[in-house]
Each structure stands twice: as structure tokens, then as C-alpha cells.
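Compute the structure for the input listed below.
(chains A and B)
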Amino acid sequence: MMHSRDLQKLEGVLSPSHLEEMEFARSLRQSKVSVKICQYSYDLLIQYLHKTQSITMLGIVNERINFQVSPGQPSSISDDADVFTLVGSGHDAADLVNQKEIHWGLLEDSLEERLEKAGDRITDSDKADGEVKDGDLEENKKRSADGGKGGSTQKKLKKDKVVATTGKASRSESSTTSGAPRVKPELTLPIIPTEVEHSILEDLRNRVQLSSMTLPSISFYTFINTHNGLNCASISHDGSLVAGGFSDSSLKVWDMAKLGQQTGNTPSQGENELAPNENILNANAKGRSYTLFRGHSGPVYSTTFSPYGDFLLSSSSDSTIRLWSTKLNANLVCYKGHNYPVWDVQFSPVGHYFASASHDRTARIWSMDRIQPLRIMAGHLSDVDCVQWHANCNYVATGSSDRTVRLWDVQSGECVRIFIGHRSMILCLAMSPDGRYMASGDEDGKIMMWDLASGRCVSPLVGHSSCVWSLSFSCEGSLLASGSADSTVKIWDVTKSLKVSKTEENKNGKTNRLRSLKTLPTKSTPVYALQFSRRNLLFAAGALTKIA
Amino acid sequence: MSIVPKETIEVIAQSIGITNLSPDVLPAIASDVEYRVREIMQEAIKCMRHSRRTTLTAVDVDSALGLRNVEPVYGFASGDPLRFKRAAGHKDLFYIEDKDVEFKEVIEAPLPKAPLDTEVVAHWLAIEGVQPAIPENPPPEVLAVPSDNGKTAYKEDGIPVDIKLPVKHVLSRELQLYFEKITELTVSRSDSALFKEALVSLATDSGIHPLVPYFTFFVADEVSRNLNKFSLLFALMRLVWSLLQNPHIHIEPYLHQLMPSVMTCLVAKRLGNKFSDNHWDLRNFTANLVASICKRFGHVYHNLQPRVTRTLLHAFLDPSKALPQHYGAIQGLATLGPNVVRLLVLPNLDPYLRLLEPEMQLEKQKNEVKRHEAWLVYGALMRAAGLCMYDRLKTLPSLLAPPARAVWKSNGKVITTTSKKRKASMDNVMQQPPLKKIATESPMGVTLANSLPVDMPGSSSGYPTIIGTADSNLQSSRNENVPESSGRKEMVSGQGPNTSAALTQAWKDDVDVGHLLPSLYEYFGESMLSFIPSPAASFFL
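Numbering: from 1, shown residues only, chains lettered A, B, ... in the order given. Prediction:
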């Protein structure tokens, strides 16, 4: 049941040469299988093997099986996920890798921190006499209130930048939501233009606080008449631009602000449109509602918008990545480096840098101004299918067809975590905004939540019946949205489930299910992309498919 | 051993011209073929996943072959999954139907329609977690099924899923403190400098939106309980004003709660209990407040301004109401704009003034306070009418055009004189159309106006004398007119139908200033002239 995919693969092995050729078979032969067994059963097994003089059997058992004998009564041991999965170099190596220290704290001097601080300064006096009881929710509320107060002192923010370093130590101690110390960026970060910064601050102040009680509004962008040609979709951070990558090598970008004008139905009303009227060169003259970007010579497998919506990256089966400007509507750069189709490309949270994942089993880090990759992450045993940046930009996570997720240090290019637990190809990844957790979705519809620090699965989320195409954390990290091929969007409660699973784990050692808050079915539209805007409006996109 | 039978290999080998294939090779090749095919299919599945599909298509196999650097199999590409048909008489044999197509037919057939271009449509999948029932979303019965599944799935866990708890509104401690501070200042220390600071904060702070319902309730509550505390009322109105100024808060949903309090402060009978309380200021302030609300939200709430004006008009036309209430109503109407004044106040000006006259005279109204009130009301009326007229004059473009001047001048003069003479009939003429107008606005207006102590036919002679004697402030020229009025009656009656037609038209939309000005002049005398811009004044007078 659990190994049906593996068995299917092994079925094909018909000659010894195939064993040599097949990556999976080789890794099986190289590593031992761990079996948990209780003392009594173990004794029985050994006794039997000795009594019957089955030397060959004993040899195989000794060579292949690594018994983990547990004392006590025989009991049905739960199917602990990582018992069964194999990595090339085995479990011990993975454990060793996972010993490495990682700093998952958020970047210091980030915009949000600055906003918090601006608010803090004003309400400090209030805080002093009010008791400091900081449940997650309360802290969030407070922050929103603080954010509001910050509004009147927008000018102060400027000064804050200069004085930021002085008050930092005290701030990071008092902050309870981000438990880890702030970290310094390892990459040189691009400078944010002031007007963009202001618009982001404005968005942050107007952010809706989401929790299990207050679910997000979801604006759904449906692609119609795609003729099964839509491979991927992505939505800009403000929801004003939607890009679709097609199997006919084309890339199409819709400006939702304009679309809204035509149909008299603006979904992104409250949203801040960064560049609503810039697309003067739009091909609208020909009666098309979108801007067509041509350049690739193979199906486009992934697109991603830069954080401020002015650039667009697309990766294609022609093994290139192309950078497009949404303002000029032109191709700027073509990045050649991968040798095989590039399955995924993702802009870093600060822009400028991006990561790509390819069939050539590597992930690569690029910067916009260089045509050669800055880092090549090699280690996966199969295709790297998806890639995602950590919130602090110092790490990149990759999901692979070898069913593992790895976390890489961007600076050193080293693998710092291996997450084992999925039973099929990993299709999407999402990082929580506080940098502490990661969610990964696989082909079977299972979503797993990982604690980056320990490398362990916090809790699996079961509910989707088909591939999970997309995951997205809400901006304050309390909700996780997942979009799937079973034409539903599911909203999961992150905070609750984390707490529950911890207590439950103590009780019966079982990993508990994360709590599903809401299932929102679409009209036969698989959900390809999800994106929480900075104001916590959820955008989703998918192609309407005819029911066969 | 393998699924691929030896015979197939043999047949394929023969088809490409290899006849001398050793039988030992066949099983080896067969097993390898199977392995390769499986491998390619697995790659094809990867390609399918990356194309975000769950159905394998020929295209995926092609791209998988491409990944292996093998030439793709041409001719099967299709966006849709292939349709296989079961071969008759066989259980496991499928084929793709390949129809014979007549070449001629294909050539002669009209061009098929171009496929529709890809489009993106947007809709709300959920609004705050609730899925709206719109055509873009699946129908509710479909919705019910998955949620049921969800319930059963989670029942075993003992976690209730679909129970929607009422959203608890949590106010942060800072906000609570802020609210308490502001309300305390409003109630007890509204004259301090700190209160001014508080108002500024209310008008600019972006974080106080959660407090808006609390403030609304606070205002409504305090106004209803403390109608005799003048300073508190004023402070509350200033608080409302500040809240309205704040660009960051969304006050519309609470307007319906705020408006009654505000209107109360405008037209209440008593505001404050001491004579020294300057409730006139409060009424002025509140009138401006009302106007600003109407201006800002009038286009969103279409019934807002009509409701406000109706309330004000009732207060204005009800003779049983106290004079301060009339004052508030007039001020309120005046701030709503000259059009409101023109349509609602001016038509009722004449009967109202008649009602007001006795109150203003020393001999008829002995009470000093009442007389003072009457004079203030008179002033408010004058200001309203004057501003209205000023507005009309201003919008008259030809006034400033020099060539038209002469013509206008003469016209103006003619009209002025005729209308002056027409004064007697004015009573009759003026009352008819406007009252009809009001009748459509509010049935109350008619009864109110009728209940006024005015006897229409007889008033023609009585009215001017009252004015003449009553008002030392009024122009002396008025007195000159008085004796003439009876003498010109015949003439006036001849002009009657004419002027009434002209007037009705005037009231409809574009008031002829030439008519308006003299009639106002009659009511208010020379003090009206200060409202007329100097060039215009020179034409008329």
C-alpha cells in the first residue's frame, strides 16, 4: 500500500543490468532498512533463524536490516513515516546533516520589524503598566494596533532606519512571536525604492488579521479556454497581475486592474496596485486581454513575479530561465545554465535573487544581473521539482522526486537539512513568515509541516485527494492555504494544530492531524496557484477543465 | 517473464528488416524494452505533474522521450487525452479510432472556427471564509458533500469542525485606555487644551478604527442623556467632527447611529439650560457638520440627504416648534447648499416671515429673549436667502460679458419694476407652485403651510403694511410702495397668468435672477444687497 509506487518501479527490473542502472534500486542495495521490533519478537526471529539453520536468510538479515529493538510488550507501532523512506546515503547520514545548526530567525531591520518598532516606541508607556501577556493572537492584535499608531508617525520611520541598530537588542528579546534572534542577511540585499517601501508599509498597516475565527477572502482567477495548455500560473503580490505559462511556449500576463474595468467587476479593489497604468505598450490593441511574452522554445513550467511586481521570471522545458519586465513588456535576460528542463523558479522574498530547480537534479541560485548561477545545489537523487526561499533569504528549500525535501544554505551551498517523510514526489513548498516552519505538499495530496530547527515533521495534513499544486502561508503565519488538483482550496489552522500536536505527542506518541478549517470547492477548476497579498487577501488561480 | 511477448519483438524486427534474429536474444530484448518503456512512462508522469495535469497525454510521453534525447513519436500530439475503444471480442485489446477522411471533404469544408482565446475571469471564491452562492462557485449541494465528508472525517478525532463561533471582538489594552481617556476628556474637561489634542488625534490616528462603534454608541448615549449640558454637547459634536475628518477610519456603517444624535444637536428644542449657553453656536457648528456628512456620504447613501432635509423641513415648517428649532433647521438647510434653499426655503419664505414678524416687534412680543430669538432666526433666513441668490448671480455668465450688459440692464430694470409693482399678487402666485412642490416632497408640508395663519386672498393689502410699520430696519422705500400697491392692482391682475407661468418655470430649475432678487428684496430690504456682487448689483438697482 505505502510502497506501491516503489514496487511499481521495481517491477520493471528484469535483468541485473537494470539494477545497476536504476537509481532507486541502487540506493536500496546500498542502505540498510530500519525495522522497529520489540524484544520478544526479535528473540523469536533470531531463534527461528538459528534453529532452521537458514544461513542465507541470516546473512541477508544481517546485511540489509537494521533492527531497532525496543523493550517491553509487543504493540502495533504506528507507521512512523520516516521508517520507510530511504535516502541515498541512508538515515544516519541524514541525521548527521540535520545536526547542523540553522538560524531561522527573520532578517534584522526588515520592514515589518521597523513598523513594529515605530509602533512600539509610542505604546511603550502603555505597555509598561499593562501586563505583558502575550498569546499569539493578542500579540497580533497589539501589533495591528501598533501598526495603526505607526501611521501617524510615518515620518519617524525614516529616522528609525538610522537608529535601528541601537534599540534592536531590547526589541528582539521582547518579541515573542519570532522566538529566534534576528539574523544578518548573507546576501547583499537590493535597496527598496522609498515609494515601494511606503506602499508596503501601507499594506502592512491595512493587513487583515487572520485566525481560525477570521478566515480570509479568496479571489479566484479562472483561466478559461486554455485547451489543456496551461502549465502554471502565478499571481503578483498585490494580485494585480496574473501570469500563465503555457505548453505552447507562450507566457501570458493579465493585468487584473484592466480586466476589472472591462467587466465592471474588480476583485482587487482594496488592493494596492503597484503599476496599474504602466502597461501602455500592452497588446490590447489587437483585442487581446493579455500581454503575450514569446521567447521560450518549450513548455513553460513555472513563472514567478518579483516582490514588487515589476519583473517576471519564467522557466521552461528548453532549459532556460527568462527574465521579463512587466513595465516594458519585453524579455530582458535569458539565463542558460541548466542542462534539462527547469521545473521551477522562485524569486527571493527581497527580489533580485532567484532560485531554480531542474530535471538535472540540481537547484541553482541566480542573481538578476549575472547570467551564470551563483550557487549550484547538488545532492538530490532525482529531479528537483520545486524550490522555495526561506523568509530570511539565507536558505533555500528544494523538494524532489526522491521524496525528500532539503534545505540548503545559500552562502555555503551546503545541505543543512533533509526532511524525510513524503511517500511521493514533492510538488510544492511554502515557508512560514516567521521562518520557523515549512510546509510541503506531495503528489498524493498529503501536506507535511516541518520544524526547520529539528528537521522533524510537526504534523501531516491529510485531506486532499489529489496532487497539492500550491501552498501559501498567510502573512502572520496563522493559516495555511492549499490548492489541489481535486479542485478545492483548503484552509488549515497552523497555530492550533501545532499546539495540539505537541500535547498529543506527549500523550500517545502519535503525530496528530492538523486541523482543517474550511474546504472551498471550485467548479471543476484545479487550483494551480495561491498567493496571500500583503493585506492578507488570498488570491487563487486555476484553469477550468472540462469534465471528461 | 515480461509483459512484452517475444513475438512482438520478432515482428518488429522483421518489420525493420532484421530477419536473422537469434531466438535467445528475443527474451533479453523484450525485458529491456519493457524496462525502457516503464522508465519513459515514469518520466512522462513527471512531465504530466509539471504540466499540472492528472491525465497522462501523448504530449507527456513525447516530452519524456525528449528528456532521454530520443526522437518523439510524431503524430499523436493532442491536447486532450486519447480515446481508446475496446476491440470487439477481446477483453484487453484497445485501439484508437482512426477514421478514414475524404480528402476532398476536408478541402472543401469551411474553415473551422478559431478556438477561443484564453481569458482570465475573476470571482470571489470566499468572502471572509464563506463561499458566496454565485454561478462561478459550485452549487450548494456540491458544497454540502465535501463538508459532510469533512465532518465525518473529524468526528473520530473528536474535533468539531464546522461550528462557527461568534467572532469575539477583542480590544487591545492600549485602545481601551485610549477610549477611556478620550471619553473622560469629552465629558469632564472639554475646554482644556488636552481635549484639543485629543480631537487632533481622533482626526488623524489611523489605528482607532476598532473604536468607532464604541465612540458612536458613546455619542448617542451621551446626547440622549445630557441635552441640558451645553458644553458636553458641543464637545460631542466636535468629537464627531474629528472622527469624520479621519481619513483612516471607515465610518459609513455607523452613520445611521450617529445621525440622530447630530440632528438632535441641530434642531432640539433646548440645548443647555442656562441662558448664557450659546446654543446658536452649537447649532451653527452642527449644521456644518451635517452638511459635511451629506457632502461626503451623500453619493453613497442616496437617501441620506433627502432624509436630513425632510427632517429639517418639518422642523422649519412647523409653527408649533420653538424659534431655536427653526433657527437650527434654517441653518441646516442653508449649509446644504443654495439649491436646497431655493427649492425648500424660498417658497415658504413669505408665509414664514409673516409668522415671524410679530415675534420681532417690540410692541407685539414683550419677551426680550423671544424677540432676540426671532431676530436671530430672521438673520439666518436672510443669510440663507442671500447666499442662495449670490450663488445664482454668480452662475449667471452673461452678467460679466460686457456686450450683453446693456440689454441685461434694461431687462433687469424692466423686470425689477414690474415685479415691484406685482408685489401684491405675489402672495397668491408665490404660494401655489412651491406648496405643490412640497406636497410631493412631504405630505406634511401642505398641512403645515395650510395651517399657517395666512388668508391668501385678503393678505395682499395687509401684508405690506405690517412690514412697513413693523420694521424700522427695513428700507424706507418699502413704505413708498405701499400706497401704490392698491393702485396697481388692476395691472397686476392682468399680468397674473403671465407671471405665474414665469414663476413656476423659475422655481423649476433656473431661477431668473431678475425675479428672485426683487422678491427677496421685498422681504429683507437693503440688507439683501450686501449679498449681491457689485457688478450685478449695478444692473439691478
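
got the contact list for the closest residue to residue B:128 other than its chain neighbours?
For residue B:128, ignoring the flanking residues on the chain, the nearest one in space by CB to CB, 6 or more residues apart in numbering or on different chains is residue A:217 at 5.5 Å. For glycine as for every other residue, the C-beta is placed from the backbone atoms N, C-alpha and C. Residue A:217 sits next to A:537, A:538, B:124, B:126, B:127, B:128, B:129 when contact means CB atoms under 8 Å, 6 or more residues apart in numbering or on different chains.

and these as a markdown table, adding secondary structure, pLDDT and distance to residue B:370?
Below are the contacts of residue A:217 laid out as a markdown table (DSSP: H, G, I helix; E, B strand; the rest coil; pLDDT from 0 to 100; distance: CB to CB, whole Å):
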| residue | secondary structure | pLDDT | distance to residue B:370 |
| --- | --- | --- | --- |
| A:537 | coil | 91 | 61 |
| A:538 | strand | 93 | 65 |
| B:124 | strand | 89 | 61 |
| B:126 | strand | 87 | 63 |
| B:127 | strand | 87 | 58 |
| B:128 | coil | 84 | 57 |
| B:129 | coil | 82 | 62 |
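
for those residues, which one is nearest residue B:224?
Of all the contacts of residue A:217, residue B:128 has the smallest distance to residue B:224: 33.3 Å, by CB to CB.

low pLDDT regions in the stretch 351-500 of chain B?
The stretch 351-500 of chain B contains residues with pLDDT under 70 at B:365, B:394-500.

Please read the previous query as pertaining to chain A.
A:1-2, A:73-93, A:109-181, A:259-287, A:496-514, A:547-548.

residue nearest the centroid of it?
Nearest to the geometric centre of chain A sits residue A:430, at 1.8 Å (CA atoms, centre = their mean).

my guess is that residue contacts residue A:471, does it?
Yes - Residue A:430 lies in contact with residue A:471 (CB atoms under 8 Å); the separation is 3.8 Å.

can you list residues touching both of the two?
A:439, A:440, A:480.

for the first one, helix, strand, or coil?
For residue A:439, the secondary-structure state derived from DSSP: H, G, I helix; E, B strand; the rest coil is strand.

top of the contacts of residue A:217 by neighbour count?
Using other CB atoms under 10 Å in any protein chain shown as the neighbour criterion, residue A:538 leads the contacts of residue A:217 with 27 neighbours.

For that one, which residues count as its bridge partners?
For residue A:538, the beta-bridge partners under DSSP bridges are residue A:218, residue A:532.

quick one: it and residue A:530, what's the gap?
Using CB to CB, to the nearest Å, residue A:538 is found at 7 Å from residue A:530.

what does residue B:35 give?
For residue B:35 relative to residue A:530 (CB to CB), the value is 39 Å.

helices and strands around whichever helix in chain B runs longest, which ones?
Scanning chain B for the helix with the most residues, using DSSP state H, yields helix B:368-395. Packing contacts for helix B:368-395, counted by 3 or more CB pairs under 8 Å, 6 or more residues apart in numbering or on different chains; DSSP states H and E, involve helix B:323-335, helix B:338-340, helix B:349-360, helix B:513-524.

Dump the ones you listed into TSV; add distance to chain A and mean neighbour count as well.
Listed next are the helices and strands packed on helix B:368-395 as TSV, based on distance: least, CB to the nearest CB, whole Å; neighbours: other CB atoms under 10 Å in any protein chain shown:
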stretch	distance to chain A	mean neighbour count
helix B:323-335	30	26
helix B:338-340	31	19
helix B:349-360	45	20
helix B:513-524	42	22
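
which one of those lies closest to residue A:44?
Nearest to residue A:44 among the helices and strands packed on helix B:368-395 is helix B:323-335; the distance by CB to CB comes to 96.3 Å.

quick one: the closest one to helix B:349-360, angle?
140 degrees (axes from the mean of the first three to the mean of the last three CA atoms, to 10 degrees).

Of residue B:35 and residue A:530, which one has the most company?
Legend: neighbour count by other CB under 10 Å for residue B:35 and residue A:530, higher for residue A:530 (26 against 21).

Share the number of residues neighbouring residue B:5, please.
Neighbour count for residue B:5, taken as other CB under 10 Å: 12.

just checking, it touches residue B:30?
Yes - contact criterion CB under 8 Å: residue B:5 and residue B:30 qualify, at 6.9 Å.

Which residue ranges of the stretch 351-500 of chain A form strands?
A:353-358, A:362-367, A:375-378, A:384-389, A:395-400, A:404-409, A:415-420, A:426-431, A:437-442, A:447-451, A:456-461, A:468-473, A:479-484, A:488-493 (DSSP state E, counting those that start in this stretch).

which residues are contacting the third one?
When contacts are taken as CB under 8 Å, 6+ apart, the neighbours of strand A:375-378 outside the stretch itself are A:361-365, A:384, A:396, A:398, A:406, A:408, A:410, A:413, A:415.

List the contacts of the residue nearest to residue B:284 when sequence neighbours are not counted.
Take residue B:284 and drop its neighbours on the chain: the residue closest to it by CB to CB, 6+ apart is residue B:331, 5.9 Å away. By CB under 8 Å, 6+ apart, residue B:331 lies in contact with B:266, B:283, B:284, B:287, B:380, B:384.

Top of those by number of neighbours, please.
Top of the contacts of residue B:331 by neighbour count (other CB under 10 Å): residue B:266, with 29 neighbours.

Now that residue: which helix or strand?
Assigned by DSSP states H and E, residue B:266 belongs to helix B:252-267.

which bits of the stretch 201-350 of chain B sit near chain A?
Within the stretch 201-350 of chain B, the positions adjacent to chain A are B:201, B:204, B:205, B:206, B:207, B:208, B:209, B:210, B:248 by CB under 8 Å from any CB of the partner chain.
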